[in-house]
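Visitor: how does the following fold in three dimensions:
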Amino acid sequence: MNVLVEKKIERYENLLREIWAASEKYLGAFSVKLLVERIVWELSTEYREIELLHYDEGKISCVEIAASLKKNPDLPVDDMFMKFITRYVEILARLIGHEKTEKIAKKLDEDFGDISLKRLREE
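Guide: Next up is the predicted model:
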């Protein structure tokens, strides 16, 4: 796996941690964990590697996903994470409302501009 892909996975991992922390303020840790679990389950039919995402009590790790890329370098990492994040934001908006979700998304856009949540919401 090349360095660029490793850096990309690391950025997604950081983004997921930030989303978890921001969501936890409104939903609590248990509900956030259930939300992540649901999305992993939904996406696993399309991307089996998403089941390698480890999450518990605000600790999200993509280490095993990164390791699986050594065996499957053609995994569409961006598509997988973008679908995960898009689905997460959609459900989060239904749970806490669009206004609060927009605040979270705006903060994340500032921190992770190259992984634009605003663009995802517009698609």
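Visitor: can you list contacts of the strand or helix carrying residue 89?
Guide: Per DSSP states H and E: residue 89 is located in helix 77-96. Residues outside helix 77-96 that contact it (Cβ atoms under 8 Å, 6 or more residues apart in numbering) are 5, 8-9, 12, 15-16, 19, 23, 26-27, 31, 35-36, 38-40, 42-43, 46-47, 49-50, 65, 69, 101, 104-105, 115, 117, 120-121, 123. To be clear about C-beta, it is placed using only N, CA and C from the backbone, and glycine gets the same treatment.
Visitor: show me those that map onto helices.
Guide: 5, 8-9, 12, 15-16, 19, 23, 26-27, 31, 35-36, 38-40, 42-43, 65, 69, 101, 104-105, 117, 120-121 (DSSP state H).
Visitor: any quick PyMOL command for the buried ones out of those?
Guide: A single PyMOL command suffices to select whichever of the ones in helices among the contacts of helix 77-96 are buried according to 16 or more other Cβ atoms under 10 Å:
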select buried, resi 8+9+12+15+16+19+23+26+27+35+36+39+40+43+65+69+101+104+105+117+120+121
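Visitor: identify the residue nearest residue 24 in space, chain neighbours excluded?
Guide: Leaving out its chain neighbours, the residue that sits closest to residue 24 by Cβ to Cβ, 6 or more residues apart in numbering is residue 32, at 5.1 Å.
Visitor: my read: that neighbour touches residue 23, true?
Guide: Yes. In this structure, residue 32 is within contact of residue 23 by Cβ atoms under 8 Å, at 4.9 Å.
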